[in-house]
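Q: I would like to see how this sequence folds:
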Amino acid sequence: MIEILQRRFALSRQGAVDLIKGCAACVVQDISLMCPVGLMYYFVIDTMNGAVNGSRTVFYAAGVFICLCLIWTAARFQYNATYLATYVESGVRRIALAEQLRKIPLSFFGKKDIADLTNSIMGDCAALETAFSHFVPSLTGSIISTVLIGSCLFAYDWRMALAAVWVLPIAFAVTLFSARIQEYFKSRSVTANVALESGVQECIECLQDLKANNAEGDYLKGLNERIDRAESGQIVTEFGTALFVVSSTLILKLGIATVALTGSALLIRGEIDIPLFFMFLLAASRLYSPLEGALQNLAAVISTRTNIKRMNEILEYPVQTGENRVTNQGCDIVFDHVGFAYNTGRTVLKDVSFTAKQGEVTALVGPSGGGKTTVSRLAARFWDIDRGKITVGGMDISKIEPETLLSLYSIVFQDVTLFNNTIMENIRIGRKDAADEEVMEAARLANCDEFTKKLPRGYHSMIGENGCELSGGERQRVSIARAFLKNAPIILLDEATASLDVENESQIQTALSRLIKDKTVLVIAHRMRTVSRADKVVVLSDGIAAEQGTPKELMNTGRIYPHMVRLQAMSQRWGI
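A: Numbering: from 1, shown residues only. Sure thing, here's the model as predicted:
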């Protein structure tokens, strides 16, 4: 049961247990609310028989007090078992989704944008929270308590009981019939909301470019269209739900009419007495009241299927696994007939083989789209290859847990990501236990001293969201300082000097030359002079390692590499 609930509702084990407790609490609460009906029934009988005296008055007063205490206790139990437990579970779900996103391969992110994933963590979890605090326990409690109460009614008089409950299966059938329709509209509504969130985020991120190109009006026009689609999607979803829920509720109302008609007929024939008739009218009115809410809850539960499906898509996505220890002998990186294609089906690498030796700088060059960045990502197992083999020191990286493998790597990406924190803490991400002196030494090697000294608080200055207070070159140097601080045996530099001027680029290369002793260095660069001192150059073109060798050898024997060198030399001589 617990495992079924976990899969069906994207819950943790404790969340499934708490859901069962919440449903049980709602059953107890609904049954406790029927106690006054029974007390009222016997009070009417005693009143009609003239049996209400001092002792019976005390009895009924005590009964009222006990009913109030029972209802209060049941309500308190129900609140703790549903609302409080659900709030805890929604937090657990958000953490679980974030942890899963941390473990799954980056290929998954090629199918999702940030707005979609953010909506899953925040919006879908919020829908889950609402469902399990307001809808599912109440629905389950209403159904179970109705079955129990209905069974008791049959014990009194099966004809009156049948008149009261015949509407229940029909009302629920109407709502269940709408399940696919509701799911369809809910899915469209979620898609429209994600598109809207993505558009708003894109507008904020690209506002500078929109202003620069006088494109604000056109973009906002498209954004308004997304807003209209999201709004109409919500309206259609609500209308579709309301249509079936209102219809089911109207059917429920017929139950009171059939109870009154059936009871009147039986009363006239003398087959039931007035107290029993009165009791059934009270029971019917009490029976249908929670069920009206239950039908609304059922519709709401059906609509959450889309949210749960989106969360399960993340939670059930295969994660990258492997051993939690490295067994490499040295740090030579070997690509052995590696092939790889992205989710789009576009093949990037067909058959790539080369060796990046420890203690050497291996430069990856080639035309755009040749697979240079892909090779560096595959070397760190950000994606898993389709065929072939990649080893580090003879160790197959596909058998090593990604985070364990990354302990061997220091990486500087082309697109730098910084956090809204101090320069000191942004660099310390490279090694969280590093002392301030070690952080500042890494910063000095990355040539961060120059701009840091100009800031109000030096290394303790806040740099804003994604380092917005820094220039592009300064952000790049902070990223390089992280790699220096980590001091891992393998260094991956993806366009590491792309945002630096000639002077700073030279200084960084000088610092690199001191740090790469006995390390494996894989450099991606478009500037030919950046790789002129590399020990080995691998030219990637059309999905293969088209040329390999030292820069000097390739200038004499190569075809693509010399051509790239000549073209860049020509571009450097170009002027306005």
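Q: element containing the closest residue to Leu33 other than its chain neighbours, please.
A: Nearest residue to Leu33 in three dimensions, chain neighbours excluded: Ile71, at 6.4 Å (Cβ to Cβ, 6 or more residues apart in numbering). Heads up, the C-betas are built off the backbone N, CA and C, glycines and all. Per DSSP states H and E: Ile71 is located in helix 54-79.
Q: Just the CA coordinates for the helix or strand just after that helix, please, in CSV.
A: Using DSSP H and E, the helix or strand that follows helix 54-79 in sequence is helix 85-103. Written as CSV, here are the backbone C-alpha positions of helix 85-103 (Å, rounded to 0.1, in the frame of the first residue of the first chain):
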residue,chain,number,x,y,z
ALA,A,85,2.3,16.6,7.9
THR,A,86,1.7,17.8,4.4
TYR,A,87,3.8,21.0,4.9
VAL,A,88,6.7,18.8,6.0
GLU,A,89,6.2,16.5,3.0
SER,A,90,6.2,19.4,0.5
GLY,A,91,9.6,20.4,1.8
VAL,A,92,10.9,16.9,1.6
ARG,A,93,9.6,16.7,-2.0
ARG,A,94,11.4,19.9,-3.0
ILE,A,95,14.6,18.7,-1.5
ALA,A,96,14.2,15.3,-3.2
LEU,A,97,13.6,16.9,-6.6
ALA,A,98,16.7,19.1,-6.2
GLU,A,99,18.8,16.1,-5.1
GLN,A,100,17.6,14.1,-8.1
LEU,A,101,18.4,17.0,-10.5
ARG,A,102,21.9,17.0,-9.0
LYS,A,103,22.4,13.3,-9.8
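Q: tell me the angle of helix 85-103 relative to helix 54-79?
A: Counting by axes from the mean of the first three to the mean of the last three Cα atoms, to 10 degrees, helix 85-103 lies at 10 degrees to helix 54-79.
Q: Report all helices and strands that helix 85-103 contacts.
A: Counting contacts by 3 or more Cβ pairs under 8 Å, 6 or more residues apart in numbering; DSSP states H and E, helix 85-103 is packed against helix 13-32, helix 125-130, helix 305-315.
Q: Now do the first one: everything it contacts.
A: With contact meaning Cβ atoms under 8 Å, 6 or more residues apart in numbering, helix 13-32 is reached by 1-3, 5-6, 9, 11, 67, 70-71, 73-75, 77-78, 80-82, 85-86, 88-89, 92-93, 132, 136-138, 140-142, 144-146, 148-149, 290.
Q: any idea of the angle that helix forms with helix 54-79?
A: 160 degrees.
Q: name the helices or strands packed onto whichever helix or strand comes after helix 13-32?
A: Scanning forward in sequence from helix 13-32 by DSSP H and E, the next helix or strand is helix 35-48. Helix 35-48 is packed against helix 54-79, helix 274-303, with contacts defined by 3+ Cβ pairs under 8 Å, 6+ apart.
Q: possible to save the ones you listed as TSV with mean pLDDT?
A: Shown next, in TSV, are those (pLDDT from 0 to 100):
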stretch	mean pLDDT
helix 54-79	84
helix 274-303	74
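Q: Of those helices, flag the one that's most buried.
A: Among those, helix 274-303 has the highest mean neighbour count (mean count of other Cβ atoms under 10 Å), at a mean of 21.
Q: Remind me what it packs against, helices and strands.
A: Going by 3+ Cβ pairs under 8 Å, 6+ apart, helix 274-303 lies up against helix 35-48, helix 136-156, helix 158-165, helix 167-177, helix 179-205, helix 216-268.
Q: Now the second one: buried residues?
A: The reference is to helix 136-156. Neighbour counts over helix 136-156 (16 or more other Cβ atoms under 10 Å) mark 136-146, 149-150, 153 as buried.
Q: to the chain's geometric centre, what's the distance from that helix?
A: From the chain centre to the centre of helix 136-156 is a distance of 37 Å (Cα atoms, centre = their mean, to the nearest Å).
Q: same thing with stretch 198-206?
A: With Cα atoms, centre = their mean, you get 19 Å for stretch 198-206.
Q: mind listing the helices for the stretch 451-576 of the chain?
A: Here the stretch 451-576 of the chain has its helices, by DSSP state H, counting those that start in this stretch, at 472-486, 502-515, 551-557, 560-573.
Q: Give me the pLDDT for Val537.
A: The per-residue pLDDT reported for Val537 equals 92.
Q: Let me see the contact set for it.
A: Going by Cβ under 8 Å, 6+ apart, Val537 touches 362-363, 365, 531, 547-551, 554, 561.
Q: please redo it, this time with the cut-off set to 7 Å
A: 363, 365, 531, 549-551, 554, 561 (Cβ atoms under 7 Å, 6 or more residues apart in numbering).
Q: Relative to Thr262, which of the residues you listed is nearest.
A: Nearest to Thr262 among these is Val365, at 88.5 Å by Cβ to Cβ.
Q: And that closest one, how close does it get to Asn53?
A: Val365 sits 104 Å away from Asn53, going by Cβ to Cβ, to the nearest Å.
Q: Between the two, which is the more surrounded one?
A: Higher neighbour count among Val365 and Asn53: Val365, with 27 against 10, using other Cβ atoms under 10 Å.
Q: Ignoring the adjacent residues along the chain, who's closest to that one?
A: Spatially, and ignoring its direct neighbours in sequence, Val365 is nearest to Val539 (5.6 Å; Cβ to Cβ, 6+ apart).
Q: Just list the residues touching that neighbour, thanks.
A: By Cβ under 7 Å, 6+ apart, the contact list for Val539 reads 365-366, 546-547, 558, 560-561.
Q: out of the residues you listed, which one sits closest to Gly388?
A: Closest to Gly388, out of all of the contacts of Val539 and judged by Cβ to Cβ, is Ala546, at 16.8 Å.
Q: can you tell me how far the residue nearest to that closest one when sequence neighbours are not counted sits from Ala300?
A: Distance criterion Cβ to Cβ, 6+ apart; nearest residue to Ala546, sequence neighbours excluded, is Val539 at 5.0 Å. The gap separating Val539 from Ala300 is 59 Å, by Cβ to Cβ.
Q: Which parts of the chain belong to which domain?
A: 2-311, 333-573 (automatic domain parsing).
Q: Next, count neighbours for Gln14.
A: Burial of Gln14 is recorded as 13 neighbouring residues (other Cβ under 10 Å).
Q: Flag the shaky bits of the stretch 251-400 of the chain, pLDDT-wise.
A: The model of the stretch 251-400 of the chain has pLDDT under 70 over residues 289-290, 293-294, 297, 343-345.
Q: if we can go back for a sec, could you export the helices and strands packed on helix 35-48 as CSV, including distance to Arg566?
A: Output for the helices and strands packed on helix 35-48, formatted as CSV (distance: least, Cβ to Cβ, whole Å):
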stretch, distance to Arg566
helix 54-79, 77
helix 274-303, 63
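Q: Once you drop chain neighbours, what's closest to Phe43?
A: Excluding the flanking residues, the one nearest Phe43 by Cβ to Cβ, 6+ apart is Tyr60, at 5.7 Å.
Q: before we move on, what about Thr557?
A: Gly549 (7.0 Å).
Q: What is the burial count for that neighbour?
A: If we define neighbours as other Cβ under 10 Å, then Gly549 has 16 of them.
Q: again with the one 4 residues further on
A: Neighbouring residues of Glu553 were enumerated by other Cβ under 10 Å; the total is 14.
Q: Could you do Ser247 as well?
A: 15.
Q: Against Glu465, how distant is the residue nearest to Phe43?
A: Taking Cβ to Cβ, one finds Tyr60 at 67 Å from Glu465.
Q: which of the residues in stretch 107-127 are buried?
A: When burial is assessed from 16+ other Cβ under 10 Å, stretch 107-127 yields the following buried residues: 108, 112-113, 115-117, 119-121, 123-125, 127.
Q: In CSV, could you pull the C-alpha coordinates for it?
A: Output of stretch 107-127 as CSV, limited to C-alpha atoms (Å, rounded to 0.1, in the frame of the first residue of the first chain):
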residue,chain,number,x,y,z
SER,A,107,21.3,15.2,-21.1
PHE,A,108,18.0,15.5,-19.2
PHE,A,109,18.4,19.3,-19.1
GLY,A,110,18.5,19.4,-22.8
LYS,A,111,14.8,18.5,-22.8
LYS,A,112,13.8,21.0,-20.1
ASP,A,113,14.3,24.8,-19.6
ILE,A,114,14.9,26.5,-16.3
ALA,A,115,11.3,27.8,-16.0
ASP,A,116,9.9,24.2,-16.5
LEU,A,117,12.2,22.8,-13.7
THR,A,118,11.5,25.7,-11.4
ASN,A,119,7.7,25.2,-11.9
SER,A,120,8.1,21.5,-11.0
ILE,A,121,10.0,22.2,-7.8
MET,A,122,7.8,25.1,-6.7
GLY,A,123,4.5,25.0,-8.6
ASP,A,124,4.0,21.2,-8.7
CYS,A,125,5.1,20.7,-5.1
ALA,A,126,2.6,23.5,-4.1
ALA,A,127,-0.1,21.6,-5.9
